[in-house]
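Asks: output the structure for:
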Amino acid sequence: MQALTIPYDDQSFHAVFAILVLQRQALFTTKYLSDRCIKYHLRLTVSICMAPSFYLLVVQAGTDNMVLRIKKKDLDNIFLQAGKCYPFEACGIFVGKRIGGEKDVGEVYHTKNVLTSSAYQIDPIEQLKIFEKAELQGLDVLGFYHSHPSCDSFWSEIDDERGKLWIGYSYLIVSLKTLSFNSYVRRKDRVEKEEIKIL
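Replies: Residues are numbered from 1 along each chain as shown. This is a model prediction of the structure:
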């Protein structure tokens, strides 16, 4: 298991799955996490960050080329959320199943953006609850989404920086300006555009 030190700042805090340690009682034990990683063929990286009340971890999903399948109503609702959040960025998480060479989105969670700037940060407590709920339902966390209020749905420098800690996960970006959408996957050494199928 490879150790990784992650500085505690807004960008890295958004990008990682934060496990709160309250009164020294971890919500998940390292054995539990290791078992989940073995079950889902994930790589687990754990580190203690600068804030002593948090453990930070990075998980790596399978890196084979896949197709993102999402219902039209879910995509429409993401655009509606983006409109309501304008001029700030909307954000969320989608879960489902990896079936063969496809990521089948079963449920989309609209989350709170805790930033009021030209960027986004998913509420870490909300993110933790969604991850836990998906695990209890036997679903996979497939990726994340956010909106670009005033530019196209391209992979930005900020997206690239934040995506480094979520290797193999989908990043769906929707644009209010052009009404376009694209999905990207961050590999270890590159970023790839992902095919999207609308159901």
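Asks: can you list the strands that the helix or strand containing Gly143 pairs with?
Replies: Using DSSP states H and E, Gly143 maps to strand 140-148. For strand 140-148, the paired strands and their directions (DSSP bridges) are strand 91-99 (antiparallel), strand 170-175 (parallel).
Asks: format those strands as JSON lines; extra columns: distance to Tyr184.
Replies: Where C-beta positions appear, they are placed from N, C-alpha and C, glycine not excepted. Listed next are the strands paired with strand 140-148 as JSON lines, based on distance: least, CB to CB, whole Å:
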{"stretch": "strand 91-99", "distance to Tyr184": "14"}
{"stretch": "strand 170-175", "distance to Tyr184": "5"}
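Asks: name the helices or strands packed onto the one helix or strand Lys73 maps to?
Replies: For Lys73, the host element (DSSP H and E) is helix 72-85. Counting contacts by 3 or more CB pairs under 8 Å, 6 or more residues apart in numbering; DSSP states H and E, helix 72-85 packs against strand 91-99, strand 102-111, strand 140-148, strand 170-175.
Asks: switch the ones you listed over to TSV; also include mean neighbour count.
Replies: Listed next are the helices and strands packed on helix 72-85 as TSV, based on neighbours: other CB atoms under 10 Å:
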stretch	mean neighbour count
strand 91-99	20
strand 102-111	20
strand 140-148	25
strand 170-175	22
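Asks: and these as TSV, adding mean pLDDT?
Replies: Output for the helices and strands packed on helix 72-85, formatted as TSV (pLDDT from 0 to 100):
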stretch	mean pLDDT
strand 91-99	93
strand 102-111	96
strand 140-148	94
strand 170-175	96
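Asks: of all these, which lies closest to Leu199?
Replies: Of all the helices and strands packed on helix 72-85, the one in closest proximity to Leu199, counting by CB to CB, is strand 102-111 (8.6 Å).
Asks: check which helices and strands the closest one is in contact with.
Replies: Counting by 3+ CB pairs under 8 Å, 6+ apart, strand 102-111 packs on strand 67-70, helix 72-85, strand 91-99, helix 124-136, strand 140-148.
Asks: sorry, back to before: need the helices and strands packed on helix 72-85 in CSV with distance to Lys197, can you?
Replies: Putting the helices and strands packed on helix 72-85 into CSV (distance: least, CB to CB, whole Å) gives the following:
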stretch, distance to Lys197
strand 91-99, 12
strand 102-111, 8
strand 140-148, 13
strand 170-175, 12
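Asks: nearest to Pro124, out of the ones you listed?
Replies: strand 102-111 (10.1 Å).
Asks: give me the sheet partners of that closest one and which way each runs.
Replies: strand 67-70 (parallel), strand 91-99 (antiparallel).
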